[in-house]
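[1] Quick one: sequence and predicted model below, then my questions.
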Amino acid sequence: MFNKKLIKNFDFLILILIMLLTGFGLIGISVAMRSPVEGTEEGLRDIIGNFDMYHVRLHLMWFAAGLVGMLIVISIDYHLLADLSPYMYWAVIGLLLYVSIKGHVAGNARSWIDFGSFYIQPSEFAKIALILTMARVMAKKKDEGEGFLHVKDLIPVFFQLVIPMALIIDQPDFGTAMVFIAIVFGMLFAAGINYKILLGAAGAAVAAVPVVWHLLLSDVQRNRILVFLNPGMDPLGTGYHVVQSMIAIGSGRLYGKGILTDNTLSQLNFVPAKNTDFIFSVTVEALGFVGGAIIIALYLLLILRTIYQASKAKDTLGSLIIVGVVSMIIFHVFENIGMTMGLMPVTGIPLPFMSYGGSSMLTNMFAYGLVLNVAMRKQKIRF
């Protein structure tokens with residue numbers, strides 16, 4: 001049962017930062033989905049009427065649902081959630097298997113389950129199951145004084161990582177697979193892995209590049225990497241996304257074009273995936289360098305605050321859970337924003353709390369439910 005005394009340890013700063021980022025997401029989505037001005041508008045009411053509020057309402061709905069889910073996660077002691085993690089893990093594996101057979105195809109990837117009025121993406125929820133499962137395994141090993149000093153110590157971790165990764169790569173969704181690797185490496189680093197093993201893993205990864213390039217990557221994925229190295233190579237084809245994104249960001253200049261400006265690049269559909277993968281580009285076009293800098297500052301504050309809570313956790317399990325969450329967020333933010341600026345290859349990874357998408361929003365809210373769960377139980381409550 002939830003102890004009301006725990007509320008004194010609730011980290012309201014994290015919740016405020018999440019709400020602010022969601023607010024910027026609502027601005028970006030409203031601008032992205034606004035119809036181009038046709039010249040027949042006679043007043044402010046007509047101009048505002050060009051905004052498509054459907055996606056804005058849905059984003060708010062998913063945020064509200066995520067808030068409820070966050071409260072549920074907070075109310076259950078994270079030790080119990082860790083004990084239940086094997087069941088969560090295999091349940092997610094079952095969903096991923098279902099997706100590989102009967103999943104809904106969109107954007108050349110079979111990643112969704114169709115529920116008629118909406119879709120869910122099991123690979124997003126798999127991140128939560130992976131974090132809890134890995135935290136349970138790593139905390140037990142570290143608390144027993146064994147740690148990860150030898151390659152054989154990594155065998156359980158390796159298999160629990162590879163199974164969902166293989167199913168996700170088969171969709172194919174290499175972006176999400178890379179998130180899984182980032183989560184596990186971040187947690188292993190916090191768990192005290194032998195640096196020689198990390199160097200060996202890095203060497204093995206480099207050696208595997210030719211195999212991955214020729215056998216695992218599709219033509220589209222290879223072209224995305226080549227365009228990342230040279231955006232001007234195919235500006236009207238594979239490089240179109242990045243080129244238009246950078247043009248939109250640059251056109252925002254210092255203070256942006258504003259949310260009511262007519263016929264922006266995003267309104268005219270020059271920016272692709274404008275309410276999802278490239279929401280940062282749309283928002284910076286509207287709010288300028290200042291708006292973009294504020295968004296990045298908010299993410300930085302959220303990441304630093306999350307790391308702070310990891311350092312204050314009362315046990316190894318709690319600390320590793322938070323490290324798993326912050327590793328996921330860091331990779332998402334760095335990859336997504338870097339992608340919009342041509343600093344990273346295009347992968348389709350959403351921007352936490354800002355990109356439109358129910359599965360992504362719920363996953364991030366559940367993840368921060370875990371962070372707040374650990375933070376609230378970092379010390380004994382005095383009565």
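    On my side now, so go ahead.
[2] Leaving out chain neighbours, which residue sits closest to residue 17?
    Leaving aside its sequence neighbours, residue 17 sits nearest to residue 302 (CB to CB, 6 or more residues apart in numbering; 4.5 Å). The C-beta positions use only the backbone N, C-alpha and C, and glycine is treated the same way.
[3] Can you tell me the SS state at that neighbour?
    Here residue 302 is recorded as helix under DSSP: H, G, I helix; E, B strand; the rest coil.
[4] can I assume it is in contact with residue 21?
    Yes - contact criterion CB atoms under 8 Å: residue 302 and residue 21 qualify, at 7.3 Å.
[5] Please identify which of these two sits among more neighbours.
    The residue with more neighbours, out of residue 302 and residue 21, is residue 302; 24 against 21, by other CB atoms under 10 Å.
[6] where's the residue nearest to residue 17 relative to residue 326, distance?
    With distances taken as CB to CB, to the nearest Å, residue 302 is found 9 Å from residue 326.
[7] Report the contact partners of the closest residue to residue 9 other than its chain neighbours.
    Spatial nearest neighbour of residue 9, excluding adjacent residues (CB to CB, 6+ apart): residue 376 at 4.4 Å. Residues in contact with residue 376 (CB atoms under 8 Å, 6 or more residues apart in numbering) are 6, 7, 9, 10, 11, 74.
[8] now do 7 Å
    Contacts for residue 376 were tallied using CB atoms under 7 Å, 6 or more residues apart in numbering; they are 6, 9, 10, 74.
[9] and the first one, helix, strand or coil?
    Right, the one you point to is residue 6. Per three-state DSSP, residue 6 ends up helix.
[10] How about the contacts made by residue 372?
    By CB under 7 Å, 6+ apart, the residues touching residue 372 are 10, 11, 14, 74.
[11] Then it would be within a helix, right?
    Yes - counting by three-state DSSP, residue 372 is located in a helix.
[12] For the contacts of residue 372, please prepare CSV with the additional fields pLDDT and distance to residue 56.
    What follows is the contacts of residue 372, written out as CSV (pLDDT from 0 to 100; distance: CB to CB, whole Å):
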residue, pLDDT, distance to residue 56
10, 90, 28
11, 93, 27
14, 97, 24
74, 94, 27
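[13] just the buried members of those residues?
    Among the contacts of residue 372, those classed as buried by 16 or more other CB atoms under 10 Å are 11, 14, 74.
[14] Tell me the one among those nearest to residue 367.
    Nearest to residue 367 out of the buried ones among the contacts of residue 372 is residue 14 (CB to CB; 11.2 Å).
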